[in-house]
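Novice: Make a model of this:
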Amino acid sequence: MRYSFSGTVSPTELHKQLLVAYICEEMGDCTEVTTGLAPGIDTLAMLHCHDIFPNALHRVIIPAGKINEKALDYADEHGFEILEAPLSRHPYRPRNIMLVQFCDKLVAVPEGPEHAFRRSGTWMTVRIARAHSTPVEVLHSRRPK
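Specialist: Below you'll find the predicted structure:
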């Protein structure tokens, strides 16, 4: 199964716990992982998935906006597929669309509920996935076992 990740750039300990629990407990069928190179959840998901699923195809998508340069260096050093999102007036939207195009399920770890963080890139990616009938797992309200 192909998974993409989108999440807060300022994860709390609970966000991190939710992410790691999901990767360890729910992704046994993982064949591909795609992240968007943002600091925070994107980078944590990239590192944990690479450690747990070393034989999966790992991909990062470079947006036109700010990225985690160290994560890009890690991806390059470890042979990840590296793609660049097209330039756009909205620098992260093409990357978010690509995240959805490369997955069978989107795993989202937003900073908070949609009504309070409607403009966040994570919630934008969730809306794109839902519009394309791509299953979404939102981890903000689920506690680790």
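Novice: Tell me which residues of the longest helix along the chain come out buried.
Specialist: Among the elements of the chain assigned as helix by DSSP state H, the one spanning the most residues is helix 13-26. Buried residues in helix 13-26, counted by 16 or more other CB atoms under 10 Å: 15-16, 18-19, 22-23. To be clear about C-beta, it is placed using only N, CA and C from the backbone, and glycine gets the same treatment.
Novice: Which neighbouring elements make contact with the host helix or strand of Pro94?
Specialist: In the assignment (DSSP states H and E), Pro94 maps to helix 93-101. When contacts are defined as 3 or more CB pairs under 8 Å, 6 or more residues apart in numbering; DSSP states H and E, helix 93-101 sits against strand 2-7, strand 32-35, strand 57-62, helix 121-131.
Novice: what does the helix or strand hosting Asp73 rub up against?
Specialist: Element membership for Asp73 (DSSP H and E) is helix 69-77. Outside helix 69-77, the residues that touch it by CB atoms under 8 Å, 6 or more residues apart in numbering are 37, 39, 42-43, 46-47, 58, 60, 62, 82.
Novice: want to throw those into TSV with pLDDT, neighbour count and distance to Pro91?
Specialist: Listed next are these as TSV, based on pLDDT from 0 to 100; neighbours: other CB atoms under 10 Å; distance: CB to CB, whole Å:
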residue	pLDDT	neighbour count	distance to Pro91
Leu37	92	22	12
Pro39	92	17	15
Asp42	95	29	15
Thr43	96	25	18
Met46	97	26	20
Leu47	97	15	24
His58	98	20	23
Val60	98	25	16
Ile62	95	16	11
Ile82	97	14	17
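Novice: Can you tell me which of those is nearest Arg93?
Specialist: Using CB to CB, Ile62 comes nearest to Arg93 of those, at 13.9 Å.
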